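Undergrad: my questions are about this predicted structure, shown below with the sequence.
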Amino acid sequence: MKGRLMRFIRTLPIKWKLMLGASLLIFLLFTSYNFAQYLVLKQWMLEKEKSQIQVNMMQLQDYFQEKLTTANDIQVNESQLYIEKMIGRNQFVRILDKEGKPIVTVASHFGVGWIEPRTVNVPELYDTTHKQDHILIHRSPLVTDKFVGTIELGSNLETFDHFSETLLWVMVVGGVLAVFISAISGLAISRQFMRPIRALASTIRSVKEKGLSERVTDVQNGDELSSLAKLFNDLMNQLETSFLQQKQFVEDASHELRTPITIVEGHLSLLHRWGKSDPAVLDESLEASLQEVRRLKKLVQELLTLTKVEANRLSENSTPLQLAPLIQETLKRFEALNPEFQFVSNTENIHDVMLVMNPLHVEQILMIILDNAVKYSLETKRIDIHAILLKQEVQIIIEDHGIGIPEADLPFVFDRFYRVDKARNHEIAGTGLGLAIAKQLVMNVHGKLTITSIETQGTRVELTLPIYQV
């Protein structure tokens, strides 16, 4: 039975679980409080009844100490008249002699036979029951110069019991109403509480049916569920961006791979038809095919490098390295490869700057930027390189005076396979992966890479890297 109940509760919707939990909690709290309050009030009222009957007993003691000297009829009648005036409704007074024989008995709506006559030597006070009646009994010895006996004082607690019963019913009804109200309130609150979750579930279903463009709406409550909805939207934005990038990557990679393969296929077909007997065609086709194979190999290598960089699987050097000598060494290599260019550098401000970064990665970033600067500087063959030491970073600025980049193309220059087609032929442009690799390498060390450019005037690249601090 218990197992079935637990399984049933587990299968309930969350809003019903919340409602039942809130109702049960309110019921337990309300019941505990009311029960404790009922016991305290009942005990307090009983103590008040005991105090009152003790006061009545003291009045009787004082009266009989003064009036009752002998047990003659005149004194008995006087005593009976006094007692009738003193006692209230549902009370009983009886005077016993030392043998326990009743001398005076006065009762008001109180059965004389409810209490057995009994003499006592010390006062006693207790409550008992007679059938359905709750009775409070007080006995006390009565001793005068000429009389020894016992006073019995009884009180029917009918009013006390009626009030206690009424109080109990009021508390029970109040408890039921409280549970009912808490259940309704809990259901309303749980529905409000579940609204963002239902919206999230609906969006997830929409994502399954319609795609990654669906988002959770109305997430401005500021609570944890709103934060969850916002986190879900952010996650979906990243997934959609990643999916679109992956789709674009596949399309671009297919296009880039298809071009050299098509060229190689064309030259092989040419060789198959005429190249066997024509040495000139053979040499030309082999040279073109080798060139495309090299280009294809470079493309595959850069794709693998980009994949590793984006997955952050390339290890960084944990040993600090000096940046200025590395820049100068890279520039010397470019000067040797491009003697027609003038490389103007100023790295004096950073001669003591240290980086915690793989030197090969720093060199690769610089070579990608410098290679682009050389490729697109067709007339003014001058490259300016200078470094600035910031508070906790170093900034390397590389400027060329080439053809520049159109403003409309600047937001996309770090995208994979993106090439600015205007005034740039296929031979010069390369694979379109260099800046994407450089950007990711910089981001992996929490740096920044930005490009500004004015078409026909030149391009400025700012490379910002965190410096090593002892």
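TA: Structure's in. What do you need? Residues are numbered from 1 along each chain as shown.

Undergrad: for the closest residue in space to residue 292 that isn't next to it in sequence, what are its contacts?
TA: Take residue 292 and drop its neighbours on the chain: the residue closest to it by CB to CB, 6 or more residues apart in numbering is residue 260, 4.0 Å away. In short, each C-beta sits where N, CA and C put it, glycine included. For residue 260, the contact set (CB atoms under 8 Å, 6 or more residues apart in numbering) comprises 292-293, 295-296, 299.

Undergrad: got JSON lines for those residues, with secondary structure, distance to residue 111 and neighbour count too?
TA: Output for the contacts of residue 260, formatted as JSON lines (DSSP: H, G, I helix; E, B strand; the rest coil; distance: CB to CB, whole Å; neighbours: other CB atoms under 10 Å):
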{"residue": "292", "secondary structure": "helix", "distance to residue 111": "123", "neighbour count": "19"}
{"residue": "293", "secondary structure": "helix", "distance to residue 111": "122", "neighbour count": "14"}
{"residue": "295", "secondary structure": "helix", "distance to residue 111": "120", "neighbour count": "18"}
{"residue": "296", "secondary structure": "helix", "distance to residue 111": "118", "neighbour count": "18"}
{"residue": "299", "secondary structure": "helix", "distance to residue 111": "114", "neighbour count": "20"}
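
Undergrad: wait, is residue 116 part of a helix?
TA: No - looking at residue 116 with DSSP: H, G, I helix; E, B strand; the rest coil, it is coil, so not inside a helix.

Undergrad: neighbours around it, how many?
TA: A count of nearby residues for residue 116, using other CB atoms under 10 Å, gives 7.

Undergrad: give me phi/psi at it?
TA: phi -80, psi 130 (degrees, to the nearest 10).

Undergrad: how near is it to residue 21?
TA: 55 Å (CB to CB, to the nearest Å).

Undergrad: same check on residue 198?
TA: Taking CB to CB, one finds residue 198 at 19 Å from residue 21.

Undergrad: same deal with residue 242?
TA: Distance from residue 242 to residue 21, by CB to CB: 40 Å.

Undergrad: next one: residue 162
TA: Distance from residue 162 to residue 21, by CB to CB: 37 Å.

Undergrad: out of those two, which sits in the busier spot?
TA: residue 21 (13 against 10).

Undergrad: which residues touch the nearest residue to that one once chain neighbours are set aside?
TA: Nearest residue to residue 21, sequence neighbours excluded (CB to CB, 6+ apart): residue 186, at 7.8 Å. Taking CB under 8 Å, 6+ apart, we find residue 186 in contact with 18-23.

Undergrad: buried residues, the lengthiest strand in the chain. List them.
TA: Taking DSSP state E as the criterion, the chain has its longest strand at strand 133-143. For strand 133-143, a neighbour-count test (16 or more other CB atoms under 10 Å) marks 134-142 as buried.

Undergrad: what's the local residue count around residue 283?
TA: For residue 283, using other CB under 10 Å, the count is 11.

Undergrad: what secondary structure does residue 99 sit in?
TA: Going by three-state DSSP: residue 99 is coil.

Undergrad: and it, what are its phi and psi?
TA: When read as degrees, to the nearest 10, the backbone of residue 99 gives phi -90, psi 0.

Undergrad: burial count for the spatially closest residue to it that is not a sequence neighbour?
TA: Closest residue in space to residue 99, ignoring its immediate chain neighbours: residue 119 at 7.9 Å, by CB to CB, 6+ apart. Residues within reach of residue 119, counting by other CB under 10 Å, total 17.

Undergrad: wait, is residue 119 part of a strand?
TA: No - counting by three-state DSSP, residue 119 is not part of a strand but coil.

Undergrad: wait, it touches residue 150, no?
TA: Yes - the criterion here is CB atoms under 8 Å, and residue 119 meets it with residue 150 at 4.4 Å.

Undergrad: what touches both of those two?
TA: 96, 100, 141.

Undergrad: what does the strand or helix carrying the first one contact?
TA: This means residue 96. Following DSSP states H and E, one finds residue 96 within strand 91-97. Under the contact criterion CB under 8 Å, 6+ apart, strand 91-97 has outside partners 56, 60, 64, 68, 71, 79, 83, 86-87, 102-108, 110, 112, 114-115, 117-119, 142, 147-156.

Undergrad: the protein: helices as residue ranges?
TA: 2-11, 14-67, 73-86, 158-210, 224-270, 279-310, 323-337, 359-375, 426-429, 434-444 (DSSP state H).

Undergrad: out of these, nearest to residue 459?
TA: helix 359-375 (7.0 Å; CB to CB).

Undergrad: helices or strands up against that closest one?
TA: Judged by 3 or more CB pairs under 8 Å, 6 or more residues apart in numbering; DSSP states H and E, helix 359-375 is in contact with helix 323-337, strand 382-389, strand 393-400, helix 434-444, strand 458-466.

Undergrad: make it 7 Å
TA: In terms of contacts (3 or more CB pairs under 7 Å, 6 or more residues apart in numbering; DSSP states H and E), helix 359-375 is packed against helix 323-337, strand 393-400, helix 434-444.

Undergrad: then that helix to PDB, C-alphas only?
TA: C-alpha atoms of helix 359-375 as PDB (Å, rounded to 0.1, in the frame of the first residue of the first chain):
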ATOM      1  CA  PRO A 359      56.500  30.800 -29.000                       C
ATOM      2  CA  LEU A 360      55.400  28.900 -32.100                       C
ATOM      3  CA  HIS A 361      51.900  30.300 -31.700                       C
ATOM      4  CA  VAL A 362      53.100  33.800 -31.300                       C
ATOM      5  CA  GLU A 363      55.200  33.400 -34.400                       C
ATOM      6  CA  GLN A 364      52.300  31.900 -36.300                       C
ATOM      7  CA  ILE A 365      50.000  34.800 -35.400                       C
ATOM      8  CA  LEU A 366      52.600  37.300 -36.500                       C
ATOM      9  CA  MET A 367      53.400  35.500 -39.800                       C
ATOM     10  CA  ILE A 368      49.700  35.300 -40.700                       C
ATOM     11  CA  ILE A 369      49.200  39.100 -40.100                       C
ATOM     12  CA  LEU A 370      52.500  40.000 -41.900                       C
ATOM     13  CA  ASP A 371      51.800  37.600 -44.800                       C
ATOM     14  CA  ASN A 372      48.400  39.400 -45.400                       C
ATOM     15  CA  ALA A 373      50.100  42.800 -45.100                       C
ATOM     16  CA  VAL A 374      52.700  41.800 -47.700                       C
ATOM     17  CA  LYS A 375      50.100  40.200 -50.100                       C
END
